[in-house]
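# pasting the sequence and the predicted model now:
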Amino acid sequence: MAHQVSVFAENKPGRIEKIARILAEAHINIRAITISSANGFGVVKILVDQPQKAFEVLREQGLPVYLQEVIAVVLEDTPGSLHRVAKVLAENGINVEDAYGFVVERGKAAILVIQVEHEPQAQSVLERNGFTLLSDEEIYRL
Amino acid sequence: MYWEKDVETMPREELYALQTARLQKTIQNAMRTPFYRRLFTQHRIHPEQIKTPEDLKHVPFTTKEDLRQGFPFDFLAVPLEEVVRLHSSSGTTGTPTVIYHTKEDLDRWTNQVARCLYMVGVRKHDVFQNMMSYGLFTGGLGMHYGAERIGALTIPIGAGNTKRQIWFLKHFKSTVIHIIPSYALLLSTIIRGEGLDPRKDFNLRIILLGAEPHSEETRRRIEDIYGAKAYNSYGLSEMNGPGGAFECLYQNGMHIWEDYYIVEIVNPKTLEPCPPGEPGELVLTTIFRDATPILRYRTRDVTALIEEPCPCGRTHRKITRIQGRTDDMFIFRGVNIFPMQVEKVLMGIPEVGSNYRIILERKDYEDTMRVEVEIKPEFFFGDLQKLERLRERIEAELKAEILVTPEVVLVEPGSLPTQEGKAQRVFDYRVL
């Protein structure tokens, strides 16, 4: 099981800078970042090499931050990979609430991070269908 | 030119005699209310002591808080069956303030409004479109009955619904409107957006501006936009409502009807009378109302008395435009709002932190109220939708309390400036 750090941020200049600076000073490496916003505020989701540490340093700076479990699925970096995962999830009636992906090694490996309502169920469904899921330690070693 | 020439142009000495007689009657009447009986006993005041307007200085001030605490009947001087209507202050924080009127009170108030309307030239042949909200708010009904008394065709359209307002203006060729100044500005942009010219496509000649303080510049702008004369109107529900003070054709201060009120201007800090012409807090005593007599009411409005005689011939003195407040109330889109109302709502929502601020702005003729709210970190679960739902909930709860919808913005904890002592919550950047 992997973890992602979510941070509340106002939609104004300097917010990403602040988050990035805090993480840089703590020598935390960012694997992926995604931002969604609405009505003047947003949520920044970050996948990092040390999620617990990132959570703590951001919290110490007074930011509303949340550490949550996500599923990180290893995919081949080839056409049709995402479809294979999505098909399994769809066939099992699993709704994806948020997702983002990034390439680890071009043409070879990519990671898809997904947030679903019933994490354990989704996890076992994916594992049963032969997908590899990463833990925090494995993301750390990427 | 005058609705009641004898009263409006009454020599000052006669007016003083009339005030004195009416004050004595009012004091007798006030002794029928539990509040003033108690107050006079506590302060060892004998009702017979208060004979002239000068004697009023022996009577303590009455405040809005007194009215609240006197809910429901502590200020009522007549049997309830004699009461035919009540009006109540907007806002639901704590207990409301309630003013009762007998049939005669309403008749007098209507006459007071008719006097104002006639003064600025409203006549029987006019079509009067009343764009103020009807109901507990006095602006709608108060002005409505005054216009009817003059005999004008009165359209009780009420506030809002801009498309319909424009439709009526166009089809009934309304000649007089009663409108909140900020709405008059906003309305003009929508009129133009429909391809209409407020000067050419309508038949407006008189605009009555009420419920909101505004500057001379704003008045001139409104006059220019609509090609009509605009007059300032002052009133508060505790003192009946519209009709309290009104500009005459000279547009230089508002005549305050001294056969209805005894007027004082006091220094809000010392509560001593201000020297003539110096701005201070307006304090009013009703002397022509039976159901709810109120002595020395602190209106919290800052103004100054204009002692010089008016060229219009009316002997009732004038007050200047309202220059501010002696409390933290502000008026947004014609609605009176106390920051405490906003605070009460916010502090009742667990996800909300303790710091907030209210920002008022006027952009392109549209007034906006933004409430910036700090969220509590422990209620953040990384979910944008939950935050958006929280934001909407705060908006809805504020709307229920203050009757207008502000824009709520969620901000990071600790991001709002904190101040030592009493925090400034309201930042009003509107140029009124």
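Cool, the structure landed.

# count of residues packed around residue 19?
Reading this off chain A. Other residues near A:I19 come to 23 when the count uses other CB atoms under 10 Å in any protein chain shown. Bear in mind the C-beta positions are built from the backbone N, C-alpha and C, glycine included.

# other chain: chain B
When neighbours are defined as other CB under 10 Å, B:Q19 has 22 of them.

# now do stretch B:327-346: distance to the chain's middle.
Taking the mean C-alpha point of stretch B:327-346 and that of its whole chain, the gap between them comes to 14 Å (CA atoms, centre = their mean, to the nearest Å).

# show me the chain divided up by domain.
I'll assume chain A. Under the assignment automatic domain parsing, the domains of chain A span A:2-69, A:70-140.

# right idea, wrong chain: chain B
Per automatic domain parsing, the structural domains of chain B span B:1-327, B:332-428.

# nearest to A:H27, out of those?
domain B:332-428 (23.3 Å; CB to CB).

# is the closest one positioned near chain A?
Yes: using CB under 8 Å from any CB of the partner chain, we find that domain B:332-428 touches chain A at B:375-377, B:379-384, B:387-388, B:391, B:409-415.

# ranking the domains of chain A by burial, who's on top?
domain A:2-69 (a mean of 18; mean count of other CB atoms under 10 Å in any protein chain shown).

# tell me the spacing between the closest residue to A:V65 other than its chain neighbours and B:E378.
If the residues on either side of it in the chain are set aside, A:V65 comes closest to A:L58, at 4.3 Å by CB to CB, 6 or more residues apart in numbering or on different chains. According to CB to CB, to the nearest Å, A:L58 stands 14 Å off from B:E378.

# do B:G280 as well
According to CB to CB, B:G280 stands 48 Å off from B:E378.

# pipe the domains of chain A into a markdown table and attach distance to B:R164 and mean pLDDT per row.
As requested, the domains of chain A are exported to a markdown table (distance: least, CB to CB, whole Å; pLDDT from 0 to 100):
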| stretch | distance to B:R164 | mean pLDDT |
| --- | --- | --- |
| domain A:2-69 | 30 | 93 |
| domain A:70-140 | 43 | 92 |
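
# closest one to B:C116 among those?
Each of those was scored for nearness to B:C116 using CB to CB, and the closest is domain A:2-69 (43.9 Å).

# what's the first-to-last distance across the closest one?
6 Å (CA to CA, to the nearest Å).

# so what's whatever residue of the stretch 251-400 of chain B ends up closest to chain A up against?
Nearest residue of the stretch 251-400 of chain B to chain A (CB to the nearest CB) works out as B:G382 at 3.0 Å. With contacts taken as CB atoms under 8 Å, 6 or more residues apart in numbering or on different chains, B:G382 has the following neighbours: A:4, A:6, A:43, A:45, A:66, A:68.

# list just the nearest of those to chain B.
A:S6 (3.0 Å).

# now for the helix or strand the closest one falls within, which elements pack on it?
Under DSSP states H and E, the secondary-structure element containing A:S6 is strand A:2-10. With contacts defined as 3 or more CB pairs under 8 Å, 6 or more residues apart in numbering or on different chains; DSSP states H and E, the packing partners of strand A:2-10 are helix A:15-25, strand A:41-48, helix A:51-60, strand A:65-76, strand A:109-116, helix A:136-140, strand B:407-411.

# list the strands paired with it, with their directions.
Applying DSSP bridges to the sheet, strand A:2-10 is found paired with strand A:41-48 (antiparallel), strand A:65-76 (antiparallel).

# pull out the buried residues from stretch B:132-150.
When burial is assessed from 16 or more other CB atoms under 10 Å in any protein chain shown, stretch B:132-150 yields the following buried residues: B:132-134, B:137-150.

# what do you get for stretch B:3-17?
Of the residues in stretch B:3-17, those buried under the neighbour-count criterion (16+ other CB under 10 Å) are B:3, B:7-8, B:10, B:15.

# so which of these comes closest to chain A?
The shortest approach to chain A among the buried residues of stretch B:3-17 belongs to B:W3, at 51.7 Å (CB to the nearest CB).

# my read is that the closest one contacts B:A114, right?
Yes: counting by CB atoms under 8 Å, B:W3 touches B:A114, with 5.7 Å between them.

# avg pLDDT for stretch B:248-266?
Confidence over stretch B:248-266 (mean pLDDT, whole number) is 98.

# follow-up on the earlier one: let's verify the residue of the stretch 251-400 of chain B closest to chain A: helix, strand, or coil?
Remark: B:G382 carries the secondary structure label coil [criterion: DSSP: H, G, I helix; E, B strand; the rest coil].
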